[in-house]
Structure formats: C-alpha cells, structure tokens
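**Student:** quick one, fold the following:
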Amino acid sequence: MKHKLLSVAIITATAATAHAGTVTSDGDDIVIKSKGGLKITTADKSASFQVGGRLQWDYDATDSDIKAKSNDFDVRRARLFAKGHYGDWLYKLQFNIAESDGAKGGDAEDLYIRYTGFGKAANITVGKQKEPFGLEQLTSSKDISALERSAMTEFYTPGRSAGVQLHGKGSNWTYGIGVFEADGDGSNDVGNTATTGRVTFAPVKKDGTVIHLGAGFSSRDADVSADEVDSYNAELAAAFGPFHAQAEYFDSEVGSTSYDGYYAQAGWIITGESRPYKDGVFKRVKPANKGGAWEAVLRYEDGDGKYSDIGLGTTDGEQTTFGVNYYATEFVRLGLSYMDGEQASGEKGDELRGRLQFVF
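**Tutor:** As a prediction, the model looks like this:
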C-alpha cells in the first residue's frame with residue numbers, strides 16, 4: 001500500500017511540471033503553481049504547501065590500484081520532499097529513497113521546523129538540517145557543476161545533523177551558527193555536540209557579476225583518541241557572465257594531528273548564460289532558449305581528503321576532474337565527468353561518470 005501511495009505522489013508531482021502556469025480559485029484565495037513540482041499558496045501568502053524532488057540516474061566506472069574495478073548503473077539520488085509554511089512557521093521533510101550501493105532507501109534527510117517571525121536577518125531552525133559549513137557542501141547536489149563534490153568537501157564538511165541554528169541574510173551577506181549532534185542519531189547524542197558556523201559576503205553582486213567571500217568553522221566532540229575536532233575553511237568564488245570559479249581551503253586539528261587541503265574549480269557556460277547566485281551559494285544553470293545550455297568544468301584538488309570516488313579512500317593525494325553538462329531544460333540535465341587522481345604514496349585511480357537528472 002505504501003508503494004502505491006508513493007507512486008501516485010510521484011506521478012502527480014511529475015505530471016504537474018508538464019503544464020506550467022497559475023490557476024486561481026473562484027474565491028481568489030488559493031493559487032496553484034505547477035512549474036517545477038506542485039505548490040499551493042493562499043492569495044495573501046499566509047500559508048503554503050509544496051511537493052517536489054529529484055532523480056539522478058548514474059553510470060559509474062571506477063578503476064584504482066588498491067580496489068577492485070567497478071562498473072555500475074543505478075540511482076545516485078532519488079529524493080522526495082514536502083515543505084510549507086503557516087504564518088511565521090515553516091517546515092520541511094525530505095527523504096532519500098535511492099537504493100544504490102545496496103541501501104534499501106527511505107533515509108530521512110531534512111526534518112526541521114523554522115521560525116521566521118524576526119525577519120530575514122534572524123531565523124531559527126530546529127531539527128535535522130545541513131550544518132552551515134562549506135560552499136560546495138551547502139550548494140545542492142542538483143546545482144553543483146561537477147557531478148560529484150570534491151574529496152575535500154567529502155572529508156571536512158559535517159553534512160546534515162539534528163540541532164538548533166540561528167541564521168539570517170541581507171542583500172549581499174549571510175550568516176549561520178548552531179549547536180548540533182556530533183555523532184548521528186543515537187539515544188545519547190546530546191553528550192557529544194558540535195558548534196558550527198559560517199559567514200558570507202558578496203562585495204560585488206549585479207548584472208551577472210558576483211564576487212563571493214566566505215569562512216566557516218566547526219568544533220565537535222569526537223569519539224576518537226582526541227577529545228575534539230576543530231575544522232576551518234575559507235571560500236572564494238566569482239562569476240563574470242558565462243565564466244565562474246570557486247575555491248575552498250580546509251584545515252582540521254585532531255588532537256596533535258593536522259589535516260589540510262584545497263580545491264579550485266572553473267567553469268564556462270558555452271552558450272552564454274550566467275550561473276545564478278543566491279543567499280551565499282550558486283544555483284544550476286537555466287537555459288536561455290529551447291536549444292538548452294552547455295557547460296564545461298575543470299577542477300583540481302590537493303591535500304588530505306576522501307578520494308573514494310576514484311577508489312583511493314581517505315588519504316593524502318591529488319585529483320583532477322573534467323566535466324561537461326547539457327541543461328536540456330531548467331529541470332533536465334545530462335552530465336559527463338572524468339576524475340583522475342593519485343595518492344601521495346603513488347597509487348592511482350580514476351572514474352568515468354555519466355548522469356541523467358530530473359528535478360521537479
């Protein structure tokens with residue numbers, strides 16, 4: 001029965017994207033928007049409800065000196081969400097139902113309630129959410145230019161955790177700081193906590209030109225030989241018309257041991273569009289015409305990182321990524337990337353990945 005209800009929900013939301021437009025009831029009190037998912041809003045904007053999601057089918061071929069070859073075709077991500085608000089209260093529930101790598105699906109990702117009554121400069125979010133750390137990590141997986149995040153982001157950023165966050169934004173700045181569970185969703189997680197924060201500032205933000213600066217930190221209790229793990233990062237990014245670039249440096253202190261690494265990425269939207277920027281992160285390319293948009297991406301990274309995509313695991317190494325994306329519409333993307341890397345000790349690995357993505 002659960003599978004039947006899920007199928008109906010997917011079909012309903014997907015069908016809605018095929019007919020963009022706005023429908024208003026006779027009472028002029030409800031507006032239904034069907035462009036990219038399904039959103040129902042009261043005319044006075046006092047309440048809303050929205051459903052949507054994403055589906056990413058990947059082909060992945062990996063070869064390395066220390067791990068057996070892999071050649072796979074499966075769902076990288078399959079997410080469904082529901083979100084909405086009533087007055088000053090907002091909520092979001094998001095679940096990943098993908099079954100890649102032997103997983104059974106059904107994992108909860110975003111599960112939070114947010115109070116917005118203080119205005120844009122001060123929101124409070126309670127529940128499972130992304131910790132505010134890292135430009136690439138906070139950029140949605142449906143919007144990143146490279147198909148997979150860097151080995152640095154995979155290693156240093158904490159991802160999603162349950163906690164309480166105070167965050168806000170202005171016309172060209174954002175901030176977030178919160179206290180989160182440090183070790184997952186067990187029965188005694190308040191005993192191990194993390195304090196994580198991030199600030200961003202865009203000194204230039206107009207007419208397709210953006211310069212972005214950011215910094216973050218995370219201090220967390222650790223169930224390892226060290227009592228605490230302290231991580232820091234610095235962000236620099238820019239977009240000039242069809243060209244965009246971003247770089248991040250990370251540093252972590254685990255007891256007396258230090259780890260660090262960086263990545264630098266550049267992209268060119270061949271068809272001339274600009275990469276959108278909003279609230280301290282970049283968004284995916286939106287084609288300017290029916291022919292779609294093409295994007296080329298190059299990334300280099302070096303240092304201590306999680307090089308699992310190329311079969312080298314967590315190690316000191318370097319990696320280069322070449323990628324090309326075709327945005328058929330605002331909602332459909334085809335991507336191809338090649339990643340090649342090497343451990344400091346000499347072992348090598350590479351990966352060829354292709355993706356078909358649909359967002360609704």
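
**Student:** list the buried residues in the helix or strand that contains residue 60.
**Tutor:** Following DSSP states H and E, one finds residue 60 within strand 47-64. Along strand 47-64, these residues count as buried under the neighbour rule (16 or more other Cβ atoms under 10 Å): 48, 50-58, 60, 62-64. (Each C-beta comes from the backbone N, C-alpha and C, glycine too.)

**Student:** got a list of contacts for stretch 164-176?
**Tutor:** For stretch 164-176, contacts defined as Cβ atoms under 8 Å, 6 or more residues apart in numbering pick out 119-126, 129, 131-132, 177-180, 197-203, 205, 279-280.

**Student:** which ones among those residues map onto strands?
**Tutor:** 123-126, 129, 177-180, 197-203, 205 (DSSP state E).

**Student:** show me where the stretch 251-360 of the chain has its strands.
**Tutor:** Using DSSP state E, counting those that start in this stretch, the strands of the stretch 251-360 of the chain run over 257-269, 277-278, 281-282, 293-307, 313-327, 332-343, 348-359.

**Student:** by contact count, what packs against the last one?
**Tutor:** If I follow you right, that is strand 348-359. Where contact means 3 or more Cβ pairs under 8 Å, 6 or more residues apart in numbering; DSSP states H and E, strand 348-359 is packed against strand 47-64, strand 332-343.

**Student:** do the same with the fifth one
**Tutor:** The contact analysis (3+ Cβ pairs under 8 Å, 6+ apart) places strand 313-327 against helix 151-156, strand 293-307, strand 332-343.

**Student:** dump these into CSV; add mean pLDDT and mean neighbour count as well.
**Tutor:** Listed next are the helices and strands packed on strand 313-327 as CSV, based on pLDDT from 0 to 100; neighbours: other Cβ atoms under 10 Å:
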stretch, mean pLDDT, mean neighbour count
helix 151-156, 98, 25
strand 293-307, 98, 21
strand 332-343, 98, 19
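
**Student:** okay, the ones you listed in JSON lines with distance to residue 107 next?
**Tutor:** What follows is the helices and strands packed on strand 313-327, written out as JSON lines (distance: least, Cβ to Cβ, whole Å):
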{"stretch": "helix 151-156", "distance to residue 107": "17"}
{"stretch": "strand 293-307", "distance to residue 107": "19"}
{"stretch": "strand 332-343", "distance to residue 107": "23"}
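
**Student:** residues near residue 117, how many?
**Tutor:** 10 (other Cβ atoms under 10 Å).

**Student:** sorry, slip of the keys, the one I care about is residue 227.
**Tutor:** When neighbours are counted by other Cβ under 10 Å, residue 227 registers 10.

**Student:** out of the buried residues of strand 47-64, who's nearest residue 82?
**Tutor:** When those are ranked by distance to residue 82 (Cβ to Cβ), residue 51 comes first, at 5.1 Å.

**Student:** and the one residue sitting closest to the centre of the chain, helix, strand or coil?
**Tutor:** In the chain, the centroid-proximal residue (Cα atoms, centre = their mean) is residue 140; its distance is 2.5 Å. Three-state call for residue 140 (DSSP: H, G, I helix; E, B strand; the rest coil): coil.

**Student:** tell me the phi and psi of it?
**Tutor:** Residue 140 adopts backbone torsions of phi -60, psi 150, taken as degrees, to the nearest 10.

**Student:** how near is it to residue 85?
**Tutor:** In this view, residue 140 and residue 85 are 20 Å apart by Cβ to Cβ, to the nearest Å.

**Student:** one more: residue 333?
**Tutor:** Per Cβ to Cβ, residue 333 is found 28 Å from residue 85.

**Student:** and if you look at residue 74?
**Tutor:** 35 Å.

**Student:** those two: who's more crowded?
**Tutor:** For residue 74 versus residue 85, neighbours defined as other Cβ under 10 Å are more numerous around residue 85 (18 against 15).

**Student:** what sits opposite the more buried one in the beta ladder?
**Tutor:** residue 48, residue 90 (DSSP bridges).

**Student:** and it, what does it touch?
**Tutor:** Taking Cβ under 8 Å, 6+ apart, we find residue 85 in contact with 47-48, 91, 116.

**Student:** show me what contacts residue 81?
**Tutor:** Contacts of residue 81 (Cβ under 8 Å, 6+ apart): 51-53, 92-95, 110.

**Student:** nope, residue 57 is what I was after
**Tutor:** Residue 57 makes contact with 73-76, 355-357, according to Cβ under 8 Å, 6+ apart.

**Student:** out of the residues you listed, who's the most crowded?
**Tutor:** The most crowded member of the contacts of residue 57, judged by other Cβ under 10 Å, is residue 357 (23 neighbours).

**Student:** find me the pLDDT at that residue, would you?
**Tutor:** Looking at residue 357, its pLDDT is 98.
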